[in-house]
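1. Structure for this input, please:
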Amino acid sequence: MKTTILAITILTGLGATAQDYESIKNTVALTQYQQAKTALDQSMANAKFTSKPDAYILKATVYSSLAMDNKYKSTAEGDRLTNDGDAAFMKYKQMDPGMALLKDPIYQNGAVNLYSSYYTSGYADYTAKKWDAAYSKLKKAVEYSDLLIKNKLMTVAVDTNVLILAGITAENSTFKNEAVLYYGRLADMKIMGDGFESVYRYLVDYYFQKKDWVAFEKYKSIGKALYPTSEYFGFDKVDFSVGLAADLDSKLKALDQLLLTDPNGFKVNQVIGEIIYDALNPQEATTPLPANAVELEKKMIAAFKKAAAAKPGYENSFVYVGDHFINKAVLIDQVRQVFSNAIATRKQSGEVIPKEDIAKVDELDKKYRDVLVLAREPYEKAAKLYGARTDLTLADKKQYKKAANYLADIASFEKIWNKNKGKVADAAKYEAEEKKWVEVAESIKWF
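-> Prediction:
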């Protein structure tokens, strides 16, 4: 008799548990969420009740429904209810990997409400620029969005709104690198429209920083196809190396990294030469030269030589080198002229000029000549290329004429130098050179 009574008690207990699920579900169906929560919380203390996945999906449904109630929506209490509901749903998924109970319309509301609650509260934090808080919620909203789409409870191929918000908030949060997870999904589907160009820009920049050149080129190509008028997607690795670096050293380090895979590439070497040229030839005379100017000059010349070799027929690599040495010679000549004029004034006053000062005049002359003649070869190469062309633009003609005039000046100085040294034959040779380049310069018309 006792055994029968015990069996009846066990069966009654099991029946009551199953009945509790339905009872609470019915209360939810009547939108009596607070009453449903009270009954649920009491039942969750029963081990038999929580032995089935029904308990946890029911808790997720009750808590998320209550969180979306106007009384709690986007409040601290609403967030707590949402997080508790999410924890319950994760437990449900663990117990029922196939999520068969999601076929039940009441339980479907649990997943929908969790998505809606995270999205709504996350959006509120997004508008308030609470980036970390917003991202933590929108990240969860993405998870539920994916679940709803997978189970055909959301009739879209991709939830672009939640993905873009998750990406934006991640980008602005302390989890910046996670933005690529969401932007990448949007870009891979080639989503476009107002505000979406920044997605592709972020990915291009992100993969450039990571030196992942395959992904860099991939998203640059997609961005260019979707936004053909945007200059951004026309930039290459060299442009990014220079554009994203803050100072000369940083730019050169970034470009040196590119040289590892493209040591003889035209653009990387040309740009290296140009940015060093700018540093060694500042527009403002008061701007100091870099402390390592000597080393930089060698690096610049080597870079321009590689650029010229990589792109035969390109004059500018030679022009830059010629201009650099002319600028350098001009600075020396300024000192030279001041000293020479001072010596001339002293002579006129009858002063006997010491041998040391006369030697210094010769020293400055030699220093000037040594730098000046370094401009000859690059200018000659540039002039030869210009002279062979029939399609010179106005800018080309100006550069060509400049090179010819400087070559005439160099020849003139060499003529005088050699004449003063008694080298008659050499002086005559440079006189002929001077005449040739004067004629070339006079033949170049651009007006």
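2. can we go C-alpha only for contacts and neighbour counts from here?
-> Will do.
3. any idea how far the closest residue to Ser145 other than its chain neighbours is from Thr82?
-> Excluding the flanking residues, the one nearest Ser145 by CA to CA, 6 or more residues apart in numbering is Tyr115, at 6.3 Å. As judged by CA to CA, to the nearest Å, Tyr115 and Thr82 stand 9 Å apart.
4. ok, now Val112?
-> Distance from Val112 to Thr82, by CA to CA: 12 Å.
5. the more surrounded of those two?
-> Thr82 (31 against 20; other CA atoms under 10 Å).
6. Which strand or helix spans the more buried one?
-> Secondary structure assignment for Thr82, by DSSP states H and E: helix 76-95.
7. Where does pLDDT dip in the chain?
-> 1-19, 446-447 (pLDDT under 70).
8. which ones are touching Val158?
-> Asp146, Ile149 (CA atoms under 8 Å, 6 or more residues apart in numbering).
9. which SS state does it fall under?
-> What DSSP: H, G, I helix; E, B strand; the rest coil gives for Val158 is coil.
10. before we move on, back to that, please name every helix or strand in contact with the helix or strand that comes right after the helix holding Thr82.
-> Next along the chain after helix 76-95, taking DSSP H and E as the criterion, comes helix 105-127. Packing partners of helix 105-127 (3 or more CA pairs under 8 Å, 6 or more residues apart in numbering; DSSP states H and E): helix 2-29, helix 53-67, helix 76-95, helix 131-150, helix 160-172.
11. what comes up buried for whatever helix or strand comes next after the longest one?
-> Scanning forward in sequence from helix 2-29 by DSSP H and E, the next helix or strand is helix 33-43. Using 16 or more other CA atoms under 10 Å as the burial criterion, the residues of helix 33-43 that qualify are Tyr33, Gln34, Ala36, Lys37, Ala39, Leu40, Ser43.
12. Pick the one among the residues you listed closest to Thr27.
-> Relative to Thr27, the closest of the buried residues of helix 33-43 is Ala36; by CA to CA it sits at 5.6 Å.
13. my guess is that closest one contacts Thr27, does it?
-> Yes - between Ala36 and Thr27 there is a contact under CA atoms under 8 Å: 5.6 Å.
14. show me the contacts for the residue nearest to Ser145.
-> Contacts of Tyr115 (CA under 8 Å, 6+ apart): Lys140, Ala141, Val142, Tyr144, Ser145.
15. Distance to Asn264 and neighbour count for those - can I get that in CSV?
-> Compiled in CSV, these are given as follows (distance: CA to CA, whole Å; neighbours: other CA atoms under 10 Å):
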residue, distance to Asn264, neighbour count
Lys140, 49, 21
Ala141, 49, 25
Val142, 46, 23
Tyr144, 51, 21
Ser145, 49, 25
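16. which one of the residues you listed is nearest Asp391?
-> Of these, the one sitting nearest to Asp391 (CA to CA) turns out to be Val142, at 58.2 Å.
17. just to revisit the earlier point, closest to Ala225 out of the buried residues of helix 33-43?
-> Nearest to Ala225 among the buried residues of helix 33-43, with distances taken as CA to CA, is Tyr33, at 50.7 Å.
18. so how many other residues sit close to the closest residue to the closest one other than its chain neighbours?
-> For Tyr33, ignoring the flanking residues on the chain, the nearest one in space by CA to CA, 6+ apart is Leu66 at 5.6 Å. Neighbour count for Leu66, taken as other CA under 10 Å: 27.
19. distance of Leu66 from Val268?
-> 61 Å.
20. Just give me the neighbour total for Tyr123.
-> Considering only other CA under 10 Å, Tyr123 is surrounded by 23 other residues.
21. what sits against the closest residue to it other than its chain neighbours?
-> Spatial nearest neighbour of Tyr123, chain neighbours left out: Ala134 (6.6 Å); criterion: CA to CA, 6+ apart. Taking CA under 8 Å, 6+ apart, we find Ala134 in contact with Ser121, Gly122, Tyr123, Ala124, Asp125, Tyr126, Thr169.
22. mind listing the helices for the stretch 151-300 of the chain?
-> 160-172, 179-188, 197-209, 213-226, 237-244, 248-261, 266-280, 293-310 (DSSP state H, counting those that start in this stretch).
23. Can you give me the buried ones in the first one?
-> Okay, so that is helix 160-172. Neighbour counts over helix 160-172 (16+ other CA under 10 Å) mark Thr160, Val162, Leu163, Ile164, Leu165, Ala166, Gly167, Ile168, Thr169, Ala170, Glu171, Asn172 as buried.
24. The residues you listed into CSV, with extra columns for distance to Gly243?
-> Listed next are these as CSV, based on distance: CA to CA, whole Å:
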residue, distance to Gly243
Thr160, 31
Val162, 31
Leu163, 29
Ile164, 26
Leu165, 27
Ala166, 27
Gly167, 24
Ile168, 23
Thr169, 25
Ala170, 24
Glu171, 20
Asn172, 21
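25. Show me the two of those residues that sit farthest apart.
-> Thr160 and Asn172 (18.4 Å).
26. Give me the number of neighbouring residues for the residue lying closest to Ala307 once chain neighbours are set aside.
-> In space, and not counting its chain neighbours, Ala307 is closest to Phe266: 4.4 Å by CA to CA, 6+ apart. By the measure other CA under 10 Å, the count of residues near Phe266 is 20.
27. For Phe266, give its distance to Lys415.
-> 37 Å.
28. what's the answer for Leu372, then?
-> Here Leu372 is placed at a distance of 13 Å from Lys415 (CA to CA).
29. now, of the helices and strands packed on helix 105-127, which is deepest in the fold?
-> Highest mean neighbour count among the helices and strands packed on helix 105-127 (mean count of other CA atoms under 10 Å): helix 53-67, with a mean of 27.
30. and that helix, what does it pack onto?
-> Using 3+ CA pairs under 8 Å, 6+ apart as the test, helix 53-67 ends up in contact with helix 2-29, helix 33-43, helix 76-95, helix 105-127.
31. hmm, try it at 7 Å
-> Packing partners of helix 53-67 (3 or more CA pairs under 7 Å, 6 or more residues apart in numbering; DSSP states H and E): helix 33-43, helix 76-95, helix 105-127.
32. What lies in contact with that helix?
-> Residues outside helix 53-67 that contact it (CA atoms under 7 Å, 6 or more residues apart in numbering) are 28, 33-34, 36-37, 40, 49, 73, 78, 81-82, 85-86, 88-89, 91-92, 95-96, 107, 109-110, 113-114, 117.
33. quick revisit: which one of the buried residues of helix 160-172 sits closest to Glu377?
-> Nearest member of those to Glu377, counting by CA to CA, is Glu171, at 52.0 Å.
34. Report the separation between the closest residue to Trp213 other than its chain neighbours and Phe216.
-> Leaving aside its chain neighbours, Trp213 sits nearest to Tyr207 (6.9 Å; criterion: CA to CA, 6+ apart). Using CA to CA, we find Tyr207 at a distance of 5 Å from Phe216.
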